[in-house]
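Novice: compute the structure for the input listed below.
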Amino acid sequence: MTRTRTSVLLTALLVVASLTAGVSVGASTNQAQDDDVADAVVQSGEVYWQGQFLQFSAGEANASNVWSVRQVEDGEVGNLVTELLLDGTGSAVFATTNLDGQYVVVNADGEPVTFENGEAQTVGSVSEASFEVTPQTLNATFDSATAENAGPDARSDLQLQSNRAGYGFYLFSEQLSASELADVFQNVEVRDGEAVATRNASDDDVFEANFSGVEPGTYDVTVVPADGVARDTATITVSEPVEGTAGLANATVIEQRGDVARFNVTFDGVERARVQLGSREVSYLSRFTVVDADGDGEATVEVNTFRAGLSENASGVSVVGEDEMGDDFRMVTEPISGPFDAATYPIVVSVGATRTAVGSLTLNERSTEGVQIWTAPDRANVSSVSRLTEVAAQDDTIGFQDWAIVQIETSGLSGYVQNLSDLNNESTGLSMTLTNLGGQNVQPTEVSLDQGEFFVDETGDRYFLVLDSNALEQGVPYEANFTVSGANPYVEAGNGTSYVTNFTVVERNASFDEPVEVPASSDATISGSSTAAPGTELTIEASNTADAPFLKRGTATVEEDGTWEVSLDFSDVAEGTNFTVTIDDPEANATGTVVAAEGQAGAQAETTTPEETTTAPETTPADEGEASDEGDEDDEAEDGAADADEETTPEEEAGADEEETTEETTTEETTTTTPCWRPDCWRSGGADSRRLDGADRQRFDGTAPNRPPSRYATTPGDL
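Specialist: Numbers count the residues shown, from 1 in each chain. You can find the predicted model right below:
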């Protein structure tokens, strides 16, 4: 256990001198002969804190001798730290301000001396005589960066963290006097004009503070151990109680390590808010003010998770657009050694001394999904991510002149990749190449990426390299390679990965589906295919310059499978008309013919002329029944006499039909036509319809497609 004898006055004077004049406390060459200035006595095997004054005695026999403090190097007596002239009692005091490591005190002969309770014992080995000096760590913060000077929000406790337990300390402030500090902090009183803690601090301790009655302003409070050189400053802003509040529009933010994370602070009745990001538990804690400078009630904070935390300034944390970040940014914790780890970082928003909103920023591990090839029409606007994603389609066959697009789908890069040079950076372990693979007896060659444009889609975690295929060779395979090596801070050594994809630039062409035959209708379709990029618009022209010239024009769009079709109006063009159909870009042509519209010929065959329709008088229900019965009785007879009917002359058929009609009708004249339902008549024929010949009867029997049932129908409902 370290034994100390503290001279409060001398230490305080030395500390004040260092704060006001920039003088190091107790330089390592300092020497004093007064026991009262010592903080501890030398004890072999003991641990001391950097900045302490150590005292020892070698007895009057060694009075006025010159002894030394030397560093221990590789278990042996090493370099000289300082020489010590022993006083008349054989004693000396030395400072440890710049010491860090193992040390020994050697006598006038350079031999290591062992000590017990500050008294020299005997010459011993280095391991027996050595003692250790180590730096004290100290971190001082207020649990809230703001406090009000009245009411319940006036309290904000001072938190102290250190690798040392049981140390006294002083408080200093350029804005507050010692008596004002003693009024603010509990367990602090004024001694010899200095604010001194009345109890020792542990390794993790809290000292209550209340800022009631303190003038509004920002205050720095420096904590200095009573017997060391460690120090840290805690900052707090004191304000009058305010009305209004601030919140978080997106309280939960999830991103990947290395990306830029964003959260929105909202304002209601105030124009500024205090933000605390992180915590001691994740070893990153910063505080800063966000100002709604444009007055729209909202401000966006950006956190570059690749850069934030690497320094004590605000690098990596910013406010977007016209809004502002105050000049009071402060890293509460020490800078971290690399990019943010995967963890959850708390967000606290305060107005004045009142916490008004809490949220969190969660960072997950980054990932790379792979590389893909996309294309877009040569006339498409690809000047931004939004336009690019509207017109691009996935395809590894690129029509010459169209856009060739290499898409890298990967998260965790937006914090440090914004252009092609960032994508090829050995320090970040990233590389991107495009290679012309050549062919037989042709060596592969690398294509300069400067030929293309680079776009970053942070929201979609995508990166696009857009190339004009005019600058590439037709019929040659290309390879795109994206590599994340072990040099990347997010990849373990030896776990680098490459992602590869291929594409080919082909001749730009178009063709028609032949033969080109279109019906004489208003929506006649012409179709074909093209190697042009999906979304390409083709102008289709159909024309005839003969006796009845015409010109018809339409626009077709190439689909993702490479097909296209257009609908044109040919309803005014006669059947059998030939025409020429062309595409302007890429050039293509073919000869077409206008054919009959579907179903048109059949409809004409079944249509009767006015001359073929006869008028029959109405029949009574009784007459209809008799006719029906007669039809049923005659079915079999007429079937058997089919061959005989076929030999009957047209004149005999007409006479028979006329006689039968006369017997079955009344004398009243009517315009109603009575269908003939017997098999020797047409389906829709009247009394003057001719009999069915053998072929027609066979079709009427239903032995051919699209015909009625096989038995003869006797009523309209049976058809």
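Novice: pull up the pairing partners for the one helix or strand residue 503 maps to, direction included.
Specialist: Element membership for residue 503, per DSSP states H and E: strand 497-506. Note on strand 497-506: by DSSP bridges, its sheet partners are strand 397-399 (parallel), strand 477-484 (antiparallel).
Novice: and the helices in this structure?
Specialist: Assigned by DSSP state H, the helices in the chain fall at 8-21, 126-129, 178-184, 385-391, 420-423, 600-605, 621-640, 642-646, 650-664, 694-698.
Novice: ok, residue 576 touching residue 548?
Specialist: No: between residue 576 and residue 548 there is no contact under C-beta atoms under 8 Å: 11.4 Å. The way it works is simple: take the backbone N, C-alpha and C, and place the C-beta from them, glycine included.
Novice: what is the burial count for the closest residue to residue 370 other than its chain neighbours?
Specialist: Nearest residue to residue 370 in three dimensions, chain neighbours excluded: residue 499, at 4.9 Å (C-beta to C-beta, 6 or more residues apart in numbering). Neighbours of residue 499 under the rule other C-beta atoms under 10 Å: 18.
Novice: same check, this time on residue 421
Specialist: Residue 421: 11 neighbours (other C-beta under 10 Å).
Novice: any idea how far residue 456 is from it?
Specialist: 13 Å (C-beta to C-beta, to the nearest Å).
Novice: also residue 575?
Specialist: 59 Å.
Novice: quick one: which of these two has more around it?
Specialist: residue 456 (18 against 14).
Novice: check contacts around the more buried one.
Specialist: 385, 414, 417-418, 463 (C-beta atoms under 8 Å, 6 or more residues apart in numbering).
Novice: go again with 10 Å.
Specialist: Applying C-beta atoms under 10 Å, 6 or more residues apart in numbering to residue 456 gives the contacts 385, 413-414, 417-419, 422-423, 462-464.
Novice: kindly supply the PyMOL command isolating those of these that are buried.
Specialist: Listed next is the PyMOL selection for buried residues among those, using 16 or more other C-beta atoms under 10 Å:
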select buried, resi 385+413+414+417+422+423+462+463+464
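Novice: pick the one among the contacts of residue 456 closest to residue 209.
Specialist: Among those, residue 414 lies closest to residue 209 (C-beta to C-beta), at 40.8 Å.
Novice: separation between that closest one and residue 259?
Specialist: On the measure of C-beta to C-beta, residue 414 and residue 259 end up 5 Å apart.
Novice: any regions of the stretch 151-300 of the chain where pLDDT drops low?
Specialist: The model of the stretch 151-300 of the chain has no residue with pLDDT under 70.
Novice: can you map out the strands along it?
Specialist: 158-162, 169-172, 188-191, 194-197, 204-207, 217-225, 232-239, 245-248, 252-256, 260-268, 272-279, 284-291, 298-304 (DSSP state E, counting those that start in this stretch).
Novice: taking strand 272-279 as reference, get the angle to the last one.
Specialist: Looking back up the chat, that one is strand 298-304. If you take axes from the mean of the first three to the mean of the last three C-alpha atoms, to 10 degrees, strand 298-304 sits at 30 degrees to strand 272-279.
Novice: could you check the angle strand 298-304 makes with strand 252-256?
Specialist: 30 degrees.
Novice: got the CA positions of strand 298-304 in PDB?
Specialist: Extracted C-alpha coordinates of strand 298-304, given in PDB (Å, rounded to 0.1, in the frame of the first residue of the first chain):
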ATOM      1  CA  GLU A 298     -36.100  20.500 -37.900                       C
ATOM      2  CA  ALA A 299     -32.400  19.900 -38.400                       C
ATOM      3  CA  THR A 300     -30.600  16.800 -39.700                       C
ATOM      4  CA  VAL A 301     -27.500  15.500 -37.900                       C
ATOM      5  CA  GLU A 302     -25.100  13.300 -39.800                       C
ATOM      6  CA  VAL A 303     -22.700  10.900 -38.100                       C
ATOM      7  CA  ASN A 304     -19.900   9.500 -40.300                       C
END
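Novice: strands paired with that strand, and their directions?
Specialist: strand 260-268 (antiparallel), strand 317-319 (antiparallel).
Novice: how about the ones you listed in JSON lines, adding distance to residue 245 and mean neighbour count?
Specialist: Conversion of the strands paired with strand 298-304 to JSON lines gives the following (distance: least, C-beta to C-beta, whole Å; neighbours: other C-beta atoms under 10 Å):
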{"stretch": "strand 260-268", "distance to residue 245": "5", "mean neighbour count": "20"}
{"stretch": "strand 317-319", "distance to residue 245": "19", "mean neighbour count": "20"}
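Novice: from residue 144, how far out is the residue nearest to residue 201 when sequence neighbours are not counted?
Specialist: Nearest residue to residue 201 in three dimensions, chain neighbours excluded: residue 160, at 5.2 Å (C-beta to C-beta, 6+ apart). Distance, residue 160 to residue 144, by C-beta to C-beta: 16 Å.
Novice: now residue 466
Specialist: 50 Å.
Novice: of all the strands paired with strand 298-304, which one is nearest residue 339?
Specialist: strand 260-268 (12.1 Å).
Novice: still on that earlier bit, now distance to residue 564 too, for the strands paired with strand 298-304, in a markdown table please.
Specialist: Converted to a markdown table, the strands paired with strand 298-304 look like this (distance: least, C-beta to C-beta, whole Å):
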| stretch | distance to residue 564 |
| --- | --- |
| strand 260-268 | 42 |
| strand 317-319 | 49 |
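Novice: nearest to residue 591, of the ones you listed?
Specialist: strand 260-268 (59.6 Å).
Novice: and for residue 59, the neighbour number?
Specialist: 12.
Novice: contacts only, for the nearest residue to it once chain neighbours are set aside.
Specialist: Distances taken as C-beta to C-beta, 6+ apart place residue 90 nearest to residue 59, at 4.6 Å, with adjacent residues excluded. Residues counted as contacts of residue 90 (C-beta under 10 Å, 6+ apart) are 56-65, 67, 120.
Novice: in this protein, where is pLDDT below threshold?
Specialist: 1-36, 599-719.
Novice: which residue ranges make up the domains of it?
Specialist: For the chain, the structural domains run 8-134, 138-239, 245-364, 370-506, 510-600, 608-718, going by automatic domain parsing.
Novice: let me know how buried the residue lying closest to residue 138 once chain neighbours are set aside is, in neighbour terms.
Specialist: Counting by C-beta to C-beta, 6+ apart, residue 230 is the residue found nearest to residue 138 once chain neighbours are left out, at 4.2 Å. By the measure other C-beta under 10 Å, the count of residues near residue 230 is 20.
Novice: just checking, residue 536 touches residue 377?
Specialist: Yes: Residue 536 is in contact with residue 377 according to C-beta atoms under 10 Å; the separation is 4.2 Å.
Novice: comparing these two, which residue is more hemmed in?
Specialist: residue 536 (27 against 22).
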